[in-house]
Every structure is written in C-alpha cells, then in structure tokens.
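# Below are the sequence and a predicted model for it; my questions follow.
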Amino acid sequence: EAQVTQNPRYLITVTGKKLTVTCSQNMNHEYMSWYRQDPGLGLRQIYYSMNVEVTDKGDVPEGYKVSRKEKRNFPLILESPSPNQTSLYFCASSFLGSWGYTFGSGTRLTVV
Amino acid sequence: AQKITQTQPGMFVQEKEAVTLDCTYDTSDQSYGLFWYKQPSSGEMIFLIYQGSYDEQNATEGRYSLNFQKARKSANLVISASQLGDSAMYFCAMRFGRGYGQNFVFGPGTRLSVLP
C-alpha cells in the first residue's frame, strides 16, 4: 500500500531532551516536507526536501533540523525541544511536478 | 505572497442539508492547484477534492463539489446531504510552483458540526 509512515503517533517528552520523529514513504517521491499544525493557524511548513541531500527551510524552521540521506526517509529532529514546540506534526510527500500530496497520519508531540 | 483565507472558524449544519465552506486565495501564479482536506478528531488529513487552476469544470467527488470562481479567487467546498460523520475540521489549501520549492499553503480551517 502506498503510504507515508510517521512514528511515533504520540510522544510526551521533557524540555531539552533530543528527539527524532521519523517519516518514511514507499512511493519513490522526490519531494518531502514537514508541517506543524496549531489551532487557528492551519498547517505551517517547517522544512522541505526536493531530493536526497537537498533540504531547505519553510516558514517556521527555528528549533528543528532535518536530513535526507535516503530518498524514502526524512526525519525531523528536535535537538532541544521546548514547550512551544508542542504541536501536531505531519510529514507529506509527492513527485516533483505533481500536484498530488500524500500525508502521514500525524505525530502529536507534547513537550513539558 | 500566497495566502489562503477561511473566514468561518465554525459552522453548524443540520443532518441531510447542504453546507458551503468558504475559501479565498491570493496568488499571482497562473498555474496552481486547490485542495480541500478533512481532519476528523483522530487527527489524520483526509484528501477530499482537487481543482486545477486551468480546469474549466468544477470538481466533484461524490457528495463533495468545489465551487471554483477563478476571477474572484474563491474555491468554496459544498457538501451535499450532510452526515454526522462529516463533523470535522476542514482545510482549504493551495499548491503552486509545480512541486518545486516551498509550495503548499493552508488556510486556518473551519470546524463543521453536523447536528442530528
């Protein structure tokens, strides 16, 4: 089944403890992206990648890192999480040049 | 800059009636795609319908139709015969740049509640 898989679905952590949210797609998509969703703000893009080793900042990159060492994986790294990073996170992917976009199921992160 | 506006934070509709969720967008691009997503309380993003900027006919998918008025830059979602399971957040989104660069913007969402 074609899908974008995020893990974990739910995560509660403490301030300052490094964490990684994984994202993997099995559709050979070049383009991958991370979003965070906050009430009243919709989804805002954190980082995106147009191919292996090609990443760039979105609207709200502060406090996040990403890497794209393999085409299928695009992990989101929070080196020192803070409570203002409590949010619902989505990974998504698509082919370059395509309008279609496939979303993962979301990761609900709480930083206390 | 590209922007999506959804002016209805919340909407109520009676079961079996139709409802229109508003969406206006702002872009100087000629080529773009407009999307509607449904987000139930479980949190996942469910794709509902898509309209390309060059499509002359309004998109339809089952009970969902997109009322596309290009000159007015509006892309309203119409849900016919509402069901209790339609209660959810609905997001309007626009993709531009043909998949290159930072190219997908979302509106703030409308929470729809269907009343029995």
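Yep, that arrived.
# residue boundaries of the strands in chain A?
A:4-7, A:10-13, A:19-25, A:31-38, A:42-51, A:54-57, A:65-66, A:76-78, A:87-94, A:102-103, A:107-111 (DSSP state E).
# If you count contacts, what does the helix or strand of chain B with the lowest mean pLDDT end up packed against?
Every helix and strand of chain B was ranked by mean pLDDT, DSSP states H and E. The lowest is strand B:104-106, at a mean of 88. Other elements packing on strand B:104-106 under the criterion 3 or more CB pairs under 8 Å, 6 or more residues apart in numbering or on different chains; DSSP states H and E are strand A:42-51, strand B:3-5, strand B:88-96. In short, each C-beta sits where N, CA and C put it, glycine included.
# Could you give the number of residues near residue A:110?
Counted with other CB atoms under 10 Å in any protein chain shown, residues neighbouring residue A:110 total 14.
# Could you report the separation of it from residue A:86?
Distance, residue A:110 to residue A:86, by CB to CB, to the nearest Å: 5 Å.
# which residues does the residue lying closest to residue A:28 once chain neighbours are set aside contact?
Once flanking residues are discounted, residue A:28 sits nearest to residue A:71: 6.8 Å by CB to CB, 6 or more residues apart in numbering or on different chains. Residues in contact with residue A:71 (CB atoms under 8 Å, 6 or more residues apart in numbering or on different chains) are A:28-30, A:51-52.
# partner residues bridging the most centrally placed residue in chain A?
By CA atoms, centre = their mean, chain A has its centre lying nearest to residue A:34, at 3.1 Å. Partner residues in beta bridges with residue A:34, using DSSP bridges, are residue A:47, residue A:91.
# who's in contact with it?
Residue A:34 neighbours (CB under 8 Å, 6+ apart): A:23, A:45-48, A:58, A:64, A:66, A:74, A:76, A:89-92.
# now swap in residue B:75 and tell me
Neighbour list for residue B:75: B:23-25, B:34, B:36, B:51, B:66-69, B:92 [criterion: CB under 8 Å, 6+ apart].
# Apply 7 Å and report the result again.
Going by CB atoms under 7 Å, 6 or more residues apart in numbering or on different chains, residue B:75 touches B:23, B:25, B:34, B:51, B:66, B:68, B:92.
# which one is the first one nearest to, not counting chain neighbours?
Meaning residue B:23. Using CB to CB, 6+ apart, the nearest residue to residue B:23 is residue B:92, at 3.5 Å.
# residues contacting that neighbour?
Per CB under 7 Å, 6+ apart, neighbours of residue B:92: B:4, B:6, B:23, B:36, B:75, B:107.
# What of residue B:91?
A:42, B:37, B:39, B:106-107, B:109.
# in chain B, which spans are helices?
Using DSSP state H, chain B contains no helices.
# what does chain A have sitting close to chain B?
Selection of chain A residues close to chain B by CB under 7 Å from any CB of the partner chain yields A:31, A:40-43, A:45, A:48, A:50, A:58, A:88, A:90, A:94-99, A:101, A:103, A:105-106, A:108.
# Buried ones among those?
Among these, those classed as buried by 16 or more other CB atoms under 10 Å in any protein chain shown are A:31, A:42-43, A:45, A:48, A:50, A:58, A:88, A:90, A:94, A:99, A:101, A:103, A:105-106.
# Which one among those residues sits at the bottom for pLDDT?
The member of those with the lowest pLDDT is residue A:99, at 75.
# That residue is in contact with residue B:33, isn't it?
Yes - applying CB atoms under 7 Å, one finds residue A:99 in contact with residue B:33, separated by 3.9 Å.
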